[in-house]
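Colleague: Below are the sequence and a predicted model; questions follow.
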Amino acid sequence: MRNKSQAVLFMVIIATLAIYLSGCSTLKKAETADRLELENMDLKAKIDLMQEEYDQKLKDLEASKDDEINDFKRQISKVETEKEVEVQSLDDAMKSLERQLKTELEDYKAKLEMTERGIVVTVLDEILFDSGKAEVKQEGYSVLDKLAQVLSSEAVNLQVAVEGHTDNEPIKYSGWKSNWELSSARALAVLHYFIDNKGIAPERLSAVGYGEYKPVESNETAEGKAQNRRVEIVILPSKVEKVKKAEK
């Protein structure tokens, strides 16, 4: 009987211990589950925050890109507007020069062209200078005055290049070292007349001498040499050139 009681007591103890251990295991699982749930919630919150930051940066980037595109469009529009104004100025200047230089053009003492460089007014040296000289003569003042009038009105915002040219006859008696010096001195004489006598802004002007190296006719004939001895006044379309570069 005693042994039977002891056996029953032992079984009760085993059962109680099993229940206790089972309870501890369940509690640990619950604690682990709670901890994992908290970690999961914390991780989700961090992910949401990162997503918000990413979305905001993306919006900022898109806004910045839109601002750059709009700024670029505004610049292009501005240049296009300036180009249109300049093209109109060139057209007005061309018409005015045709009127002003009618006599010289009809006598073939001057030539007027619209080229890729702009408006080119070619004046033969016989109108502007005596042979071997670089001082503008009286007859030349009239032509330069007409040009200056257009440069100060229709072409007031345009740049102007003065280019001197000669034939290929070597310098013998005039004292110039070469045709380079003569052509350069003549271009500068025209430039200084525009500045000193007609009030053209110096920053609009440039001068260069090409000597005999850019002939328009053959130097084999007297007529050809006469055409090569010339001064070219080029009205330059600066804004049009800028637009061409931007489009490339």
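Modeller: Perfect, thanks for sending it. Quick caveat: nothing in here was measured; it's all calculated off a predicted structure.
Colleague: Let me see the ranges of the strands in the protein.
Modeller: Secondary structure of the chain, counting by DSSP state E: strands at 110-115, 118-124, 159-165, 205-209, 230-236.
Colleague: what's the angle from the last one to strand 110-115?
Modeller: Here the directions of strand 230-236 and strand 110-115 differ by 40 degrees (axes from the mean of the first three to the mean of the last three Cα atoms, to 10 degrees).
Colleague: ok, back up a step: JSON lines for the strands of the chain, including mean pLDDT, distance to L144 and mean neighbour count?
Modeller: In short, each C-beta sits where N, CA and C put it, glycine included. Formatted as JSON lines, those follow (pLDDT from 0 to 100; distance: least, Cβ to Cβ, whole Å; neighbours: other Cβ atoms under 10 Å):
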{"stretch": "strand 110-115", "mean pLDDT": "92", "distance to L144": "11", "mean neighbour count": "15"}
{"stretch": "strand 118-124", "mean pLDDT": "94", "distance to L144": "8", "mean neighbour count": "21"}
{"stretch": "strand 159-165", "mean pLDDT": "96", "distance to L144": "10", "mean neighbour count": "23"}
{"stretch": "strand 205-209", "mean pLDDT": "97", "distance to L144": "13", "mean neighbour count": "18"}
{"stretch": "strand 230-236", "mean pLDDT": "95", "distance to L144": "9", "mean neighbour count": "23"}
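Colleague: which residues of the chain fall in helices?
Modeller: 2-100, 102-106, 125-128, 138-151, 179-192, 222-228, 238-247 (DSSP state H).
Colleague: tell me what the second one is packed against?
Modeller: This points to helix 102-106. strand 110-115 (3 or more Cβ pairs under 8 Å, 6 or more residues apart in numbering; DSSP states H and E).
Colleague: other SSEs contacting the strand it packs on?
Modeller: Where contact means 3+ Cβ pairs under 8 Å, 6+ apart, strand 110-115 is packed against helix 2-100, helix 102-106, strand 118-124.
Colleague: Would you single out the least confident of these?
Modeller: Ranked by mean pLDDT, these bottom out at helix 2-100, which scores a mean of 73.
Colleague: can the strands of the chain go into JSON lines with extra columns for distance to E53?
Modeller: As requested, these are exported to JSON lines (distance: least, Cβ to Cβ, whole Å):
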{"stretch": "strand 110-115", "distance to E53": "59"}
{"stretch": "strand 118-124", "distance to E53": "55"}
{"stretch": "strand 159-165", "distance to E53": "52"}
{"stretch": "strand 205-209", "distance to E53": "56"}
{"stretch": "strand 230-236", "distance to E53": "53"}
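Colleague: So for W180, which of these sits nearest?
Modeller: In terms of Cβ to Cβ, the element of the strands of the chain nearest to W180 is strand 205-209, at 5.7 Å.
Colleague: Out of the helices of the chain, the one nearest G199 is which?
Modeller: Nearest of those (Cβ to Cβ): helix 138-151, 8.2 Å.
Colleague: got the angle between the closest one and strand 110-115?
Modeller: Using the same axes, to 10 degrees: helix 138-151 against strand 110-115 is 30 degrees.
Colleague: Need the CA coordinates for helix 138-151. CSV is fine.
Modeller: The C-alpha trace of helix 138-151 is given here as CSV (Å, rounded to 0.1, in the frame of the first residue of the first chain):
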residue,chain,number,x,y,z
GLN,A,138,38.2,113.9,-99.4
GLU,A,139,36.2,111.7,-101.8
GLY,A,140,36.4,108.9,-99.2
TYR,A,141,34.8,110.9,-96.4
SER,A,142,31.5,111.0,-98.2
VAL,A,143,31.3,107.3,-98.5
LEU,A,144,32.4,106.7,-94.9
ASP,A,145,29.9,109.3,-93.6
LYS,A,146,27.1,107.3,-95.3
LEU,A,147,28.3,104.1,-93.7
ALA,A,148,28.7,105.7,-90.3
GLN,A,149,25.1,107.0,-90.5
VAL,A,150,23.8,103.5,-91.0
LEU,A,151,26.1,102.1,-88.2
